[in-house]
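Asks: this one's sequence-less:
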């Protein structure tokens, strides 16, 4: 994180042109999560619009992991409601969230290094011929088309083992797998962690492509440079509470760091109306 006061996102144009009327794709209303006497999340109110990138930021222990695991069905909220396209939903398992249209790409990516790209992208969703054999040709065509649509051009051979790929390429394969499952919301946990400059650029470009296709993206990141480059909206967690959220143009690096580290509005900055509602 830097101390620049006026870091602004490169995607402000997309944010302003994106639809803002109507129901959000995902709405969290008064979401709380307790682990015994420990309150990990408290009354979270957050909207995730379709076709936009929402960045979720906060210091270690702020509740980011708990929040994404609650959205993705790993943990059920202790109280509060989740709405998907305006309808109340209950996720009792990750399968429920996936079937609804939520795909989560965790930091470890959950890829099998010994399998090739096609096998990873269709793992658990293999296509079969009438003879109940793997339909290798159709699987290759499906994987190749998905990567082409996302403009992932750095992969040498879709039959190469995933273990031979760079970090950015592996991230791209994990995202492409989510797109193949017809995800409407892709959650990405620290997608650029430990990546070099060129690989980071590849992943950030991929995030923007997802949004341009109408897919909502929720990015969890500690890297504010990356956040301001791709995000349309920002949500800040502090000790399990959503202390501020709104269009990314309302923030700069210094104000974001202040929200993250103190949970209070910086001098000269008013709390956003969205955070006030929460």
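Replies: Cool, the structure landed. Predicted, not measured: the structure shown is a model, and the values here were computed from it. Residues are numbered from 1 along each chain as shown.

Asks: and residue 189, what are its bridge partners?
Replies: Residue 189 forms beta bridges with residue 220, as assigned by DSSP bridges.

Asks: name the spans of the chain whose pLDDT lies under the cut-off.
Replies: 1-21, 268-278 (pLDDT under 70).

Asks: recalculate using a threshold of 80.
Replies: Within the chain, the ranges that satisfy pLDDT under 80 run 1-22, 108-109, 194, 267-278.

Asks: residue 211 falls within a helix, correct?
Replies: Yes: Residue 211: assigned to a helix according to DSSP: H, G, I helix; E, B strand; the rest coil.

Asks: with adjacent residues omitted, what lies nearest to it?
Replies: residue 53 (5.1 Å; Cβ to Cβ, 6 or more residues apart in numbering). Using the backbone N, CA and C atoms, a C-beta is placed for each residue, glycine as well.

Asks: which residue ranges of the stretch 51-200 of the chain form helices?
Replies: Using DSSP state H, counting those that start in this stretch, the helices of the stretch 51-200 of the chain run over residues 64-71, 94-100, 117-121, 136-149, 167-180, 197-212.

Asks: and the fifth one, how far out from the chain's middle?
Replies: So the one you mean is helix 167-180. Chain-centre distance of helix 167-180: 12 Å, with Cα atoms, centre = their mean, to the nearest Å.

Asks: summarise which helices and strands that helix is packed against.
Replies: Helix 167-180 sits against strand 102-105, helix 117-121, helix 136-149, strand 185-189, helix 197-212, with contacts defined as 3 or more Cβ pairs under 8 Å, 6 or more residues apart in numbering; DSSP states H and E.

Asks: what's in contact with it?
Replies: With contacts defined as Cβ atoms under 8 Å, 6 or more residues apart in numbering, helix 167-180 is touched by 103, 105, 109-111, 117, 120-123, 125, 142-143, 146-147, 149-150, 152, 154-155, 162, 165, 186, 188, 191, 194-196, 198-200, 202-203, 206, 210, 215.

Asks: list only those of those residues flagged as buried.
Replies: 103, 105, 109, 111, 117, 120-122, 142-143, 146-147, 150, 152, 155, 162, 165, 186, 188, 191, 195, 199-200, 202-203, 206, 210, 215 (16 or more other Cβ atoms under 10 Å).

Asks: list the buried ones in stretch 234-254?
Replies: Burial within stretch 234-254, assessed by neighbour count using 16+ other Cβ under 10 Å, is assigned to 234-238, 240-254.

Asks: those residues in helices, which ones?
Replies: Counting by DSSP state H, the part of the buried residues of stretch 234-254 found in helices is 253-254.

Asks: what about the buried residues of stretch 234-254, which are in strands?
Replies: The strands, defined by DSSP state E, take in 234-238, 241-247 from the buried residues of stretch 234-254.

Asks: report the two of these separated the most.
Replies: 241 and 247 (20.1 Å; Cβ to Cβ).

Asks: from residue 266, how far off is the residue lying closest to residue 58 once chain neighbours are set aside?
Replies: Spatially, and ignoring its direct neighbours in sequence, residue 58 is nearest to residue 237 (3.6 Å; Cβ to Cβ, 6+ apart). Distance, residue 237 to residue 266, using Cβ to Cβ, to the nearest Å: 17 Å.

Asks: quick revisit: who's in contact with the residue nearest to residue 58?
Replies: By Cβ under 8 Å, 6+ apart, the neighbours of residue 237 are 56-58, 62-64, 67, 243.
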